[in-house]
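Chemist: below are the sequence and a predicted model for it; my questions follow.
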Amino acid sequence: MQLPTAFIEKYQRLLKEEAPAFLAALTSGTVQSGFRANPLKQGQPTATIEAAAGQSPYVTNGYLGKVDGHSLDHVTGWVYSQEPSAMLVGEFADPQPGERVLDLCAAPGGKSTHLIAKMNDEGLLVANEIFKNRAQVLAENLERWGAKHVVVANESPDQLEKQFPAFFDRILVDAPCSGEGMFRKEPAGIEYWNEDYPAECANRQRHILTSALKMLKPGGTLVYSTCTFAPEEDEQMAAWLLNNYDLTMVELEKAPGMDAGRPEWADGNPELTKALRLFPHHFKGEGHFIAKFVKNGEEPVLPTKKNKKKKGRGQRSKFAPTKEQQALWQDFQTKVLPNYEAGQLVVFGDYLYDLPVGMPAIDQMSLIRPGLQLGVFKKNRFEPALALALATKPATCTQVVEVDEPAWRTYVHGDTLTIQDAPKNGWYLVECDQHAAGWGKLVNGTLKNFFPKGLRF
Ligand SMILES: C[S@@+](CC[C@H](N)C(=O)[O-])C[C@H]1O[C@@H](n2cnc3c(N)ncnc32)[C@H](O)[C@@H]1O
């Protein structure tokens, strides 16, 4: 790997006698892969964990090692591949169950899956991505993860800020950056780099952070992270935040191998040591920067109950299912998922979603996934969605077909399954080794395959 001369000279200047070790680790060190297990699923991804190289000492459910993209654990969302430095961001963000959380730059979803897991799928996570194709990937990854209380939005930060004034308890800005910390893992990123690139990225980051702070409640927490070493995007951005907003910086606890922020690379404010830096010659992972702040000030006065009610009612009626649609869903739910508790049922096109309670103004923004997709209405039928299967614990489902791994492979390939001693006809959750894998419709001993065509392999 050939690093640009200007890059080498910059870090020789900044890191002085440490520079040779840093540059050697960046060009020839080993990329450490990792993954997180999904605590929202019922059980442990034993097969992937058995093949792992060990556990992360810093991240609950974090492991070192690779994930097979065609494994049962991956396809059913029991694991998410994420390198060891990146998984520290969600850990330090530390969202709590019941909070309103925004992941403003969320695709492909590594941090979002971590945030909602730490929230125990309680409260509301808005996972936003500015680019539509990336927002689709984000929605797919969150669908596999099986979370209910997540909305996927596809907005620019300055559009989103209009919908959520002082709304969130916690916001993560995992910013688009110059990506220097990923050069070792993704060398193609080197081609985009030039001396001015960090300053360009910093300009964009200031815009994103300006919107984020408008959406953060007083008393709320902002976590800012990058995967670059550039001080312009790291300490200088944290200094800019402290100089322009009423924020208190939160100390991030450093384990051996984790570095403190460098005040001398910004305006000398000693507070900047509270931030965390990950260098590849000190930590077994890629380059990252994390800073955490609390927004000072009083909570705003909430709108009166009367106003609130009006808004909610209008919103619901526009997207509310018809009586026929409700009856179709209820028929399915009573038979198959008798204990399922929906938040607000909303219909977008022909699709039925379970919108998390507390999500405002869904008609005012571009949403890729307004909550958990429950299914689709087709003529006079209801067809359950893969997302619902992946969010279902098999023990809560009354109609389950258990298959072994070869039969599961047949299922994800798109073929029908023959079920011996078949029970009554109807919708069944396909389960393999406790993993909910999708839906099938049993007709006289043959399980018709409803695994989405685009995902078959
Ligand atoms: C570092 S990546 C996020 C990674 C993600 N948090 C994860 O853990 O999987 C930054 C994201 O910001 C998005 N982005 C690019 N320009 C943006 C802008 N002007 N405003 C908001 N997001 C932007 C990128 O498309 C990218 O998906």
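Modeler: Done, it's in.
Chemist: now do the strands in the stretch 351-457 of the chain.
Modeler: Per DSSP state E, counting those that start in this stretch, the stretch 351-457 of the chain carries strands over the ranges 351-355, 367-369, 372-378, 381-384, 400-402, 417-418, 426-432, 435-443, 446-449.
Chemist: hey, what's the closest residue in space to Trp408 that isn't next to it in sequence bridged with?
Modeler: Excluding the flanking residues, the one nearest Trp408 by CB to CB, 6 or more residues apart in numbering is Cys432, at 4.0 Å. In short, each C-beta sits where N, CA and C put it, glycine included. Taking DSSP bridges as the rule, Cys432 bridges to His435.
Chemist: do Gly375 as well
Modeler: Gly375 has the following beta-bridge partners by DSSP bridges: Leu352, Pro384.
Chemist: Ala389 is in contact with that one, correct?
Modeler: No: look at Gly375 against Ala389 with CB atoms under 8 Å: they stay out of range, at 10.0 Å.
Chemist: what residues does the stretch 1-150 of the chain put near the ligand?
Modeler: 105-111, 129-131, 134 (CB under 6 Å from any ligand atom).
Chemist: pLDDT below threshold where in the protein?
Modeler: 300-316, 361 (pLDDT under 70).
Chemist: list the pairing partners of the longest strand anywhere in it within its sheet, with orientation.
Modeler: The longest strand of the chain (DSSP state E) is strand 216-226. Strand 216-226 sits in its sheet next to strand 168-174 (parallel), strand 288-295 (antiparallel), going by DSSP bridges.
Chemist: quick one: the shortest one to chain centroid distance?
Modeler: Its chain's average C-alpha position is 12 Å from that of strand 168-174, according to CA atoms, centre = their mean, to the nearest Å.
Chemist: and that strand, is it in reach of the ligand?
Modeler: Yes: if you take CB under 6 Å from any ligand atom as the test, strand 168-174 does meet the ligand, through Asp174.
Chemist: please, which helix or strand holds the most centrally placed residue in the chain?
Modeler: Geometric centre of the chain, nearest residue: Ser112, 1.7 Å, by CA atoms, centre = their mean. Taking DSSP states H and E as the criterion, the element that holds Ser112 is helix 110-118.
Chemist: and the contacts of the one helix or strand Phe92 maps to?
Modeler: Element membership for Phe92, per DSSP H and E: helix 86-93. Helix 86-93 is contacted from outside by 34, 36, 56, 58-60, 62, 110-111, 114-115, 117-118, 170, 172, 174, 221, 223, 225, 227, 252, 276, 278, 285-286, 288, 290, 292, using CB atoms under 8 Å, 6 or more residues apart in numbering.
Chemist: how about stretch 104-113?
Modeler: If you take CB under 8 Å, 6+ apart as the criterion, stretch 104-113 is touched by 36, 38, 80, 82, 86-87, 89-90, 93, 103, 125, 127-131, 134-135, 137-138, 141-142, 145, 147, 150, 152, 157, 160, 171-176, 208, 211-212, 215.
Chemist: those residues, buried ones only, as a ChimeraX selection?
Modeler: Remark: buried members of the contacts of stretch 104-113, expressed as a ChimeraX selection using 16 or more other CB atoms under 10 Å:
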select :36,38,80,82,86,87,89,90,93,103,125,127,128,129,130,134,135,138,141,142,145,147,150,152,157,160,171,172,173,174,175,176,208,211,212,215
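Chemist: in helices, which of the contacts of stretch 104-113 appear?
Modeler: 86-87, 89-90, 93, 134-135, 137-138, 141-142, 145, 157, 160, 208, 211-212, 215 (DSSP state H).
Chemist: which of the contacts of helix 86-93 are buried?
Modeler: Looking at these with 16+ other CB under 10 Å, the buried ones turn out to be 34, 36, 56, 58-59, 62, 110-111, 114-115, 117-118, 170, 172, 174, 221, 223, 225, 227, 252, 276, 278, 285-286, 288, 290, 292.
Chemist: need the strands for the stretch 201-350 of the chain, in chain order.
Modeler: Per DSSP E, counting those that start in this stretch, the stretch 201-350 of the chain carries strands over the ranges 216-226, 247-250, 259-260, 276-278, 288-295, 344-348.
Chemist: other SSEs contacting the last one?
Modeler: The reference is to strand 344-348. helix 305-319, helix 323-336, strand 351-355 (3 or more CB pairs under 8 Å, 6 or more residues apart in numbering; DSSP states H and E).
Chemist: and it, which residues are buried?
Modeler: Of the residues in strand 344-348, those buried (16+ other CB under 10 Å) are 344-347.
Chemist: redo the residues you listed as TSV? Include distance to Gln236.
Modeler: Listed next are the buried residues of strand 344-348 as TSV, based on distance: CB to CB, whole Å:
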residue	distance to Gln236
Gln344	43
Leu345	47
Val346	43
Val347	47
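Chemist: so can I have a markdown table of those showing distance to the ligand?
Modeler: Formatted as a markdown table, the buried residues of strand 344-348 follow (distance: CB to the nearest ligand atom, whole Å):
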| residue | distance to the ligand |
| --- | --- |
| Gln344 | 27 |
| Leu345 | 29 |
| Val346 | 26 |
| Val347 | 29 |
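Chemist: how deep is the nearest residue to Leu213 once chain neighbours are set aside tucked in, by neighbour count?
Modeler: Nearest non-adjacent residue to Leu213, counting by CB to CB, 6+ apart: Tyr245, 5.7 Å away. By other CB atoms under 10 Å, the residues close to Tyr245 number 16.
Chemist: I figured Tyr245 hits Lys295, correct?
Modeler: Yes: under the criterion of CB under 8 Å, Tyr245 makes contact with Lys295 at 7.2 Å.
Chemist: shared neighbours of the two, anything?
Modeler: Joint contacts of Tyr245 and Lys295 (CB under 8 Å, 6+ apart) are Leu213.
Chemist: so what's the gap between the helix holding Phe92 and the chain middle?
Modeler: Computed by CA atoms, centre = their mean, the chain-centroid distance of helix 86-93 equals 11 Å.
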